[in-house]
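In: all I have is the shape, not the residue letters:
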């Protein structure tokens, strides 16, 4: 299961680097929608092939994805007039908008969750196959 956590850590670092260097959000969105769920699938499948408790990798992946999507949709915008929006002014002209984009959160976290579930299923099948081969 340790290899699954290592794959998860590498995937998370890669997505964080893309998120921190992406100026417009297109690469971050593509990485979170396509690349991260596939790497989460690989991490969960690798972990689940060795342990029943690899679902924690999937849960951690969905939490990381939720936090990254939150950082993209609940933005701190410098110098933007809130008007009647439910945003709070912070010192220095920054605003904290407390209205998350729930559709984006559901889409991206759903993709990660589906990847993790498929990976857990694949890993469980591999674990069962390996245990059958050991008992023969």
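Out: Nice, thanks for sending it over. In this text, all values refer to a predicted model and were calculated from it rather than measured experimentally.

In: please make it C-alpha for all contacts and neighbour counts, starting now.
Out: OK.

In: the helices in the chain, which residues?
Out: 2-21, 26-30, 36-48, 55-73, 102-135 (DSSP state H).

In: mean neighbour count and mean pLDDT added to those helices, as TSV?
Out: TSV is the format used below for these (neighbours: other C-alpha atoms under 10 Å; pLDDT from 0 to 100):
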stretch	mean neighbour count	mean pLDDT
helix 2-21	17	92
helix 26-30	17	85
helix 36-48	28	95
helix 55-73	20	87
helix 102-135	18	89
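
In: list the contacts for residue 113?
Out: 37, 58, 59, 61, 62 (C-alpha atoms under 8 Å, 6 or more residues apart in numbering).

In: wait, residue 119 touches residue 45, no?
Out: Yes. Using C-alpha atoms under 8 Å, residue 119 is in contact with residue 45, at 4.1 Å.

In: ok, the contacts of residue 113 vs residue 18, which is closest?
Out: The shortest distance between residue 18 and any of these, using C-alpha to C-alpha, involves residue 37 and amounts to 14.8 Å.

In: distance between the ends of stretch 43-60?
Out: Taking C-alpha to C-alpha, to the nearest Å, the span from the opening residue of stretch 43-60 to its closing residue is 11 Å.

In: what lies in contact with it?
Out: Contacts of stretch 43-60 from elsewhere in the structure, counted by C-alpha under 8 Å, 6+ apart, are 1-8, 40, 112-113, 116-127.

In: now find how far off-centre that stretch is within its chain.
Out: With C-alpha atoms, centre = their mean, to the nearest Å as the basis, the distance from the averaged C-alpha position of stretch 43-60 to the chain average is 14 Å.
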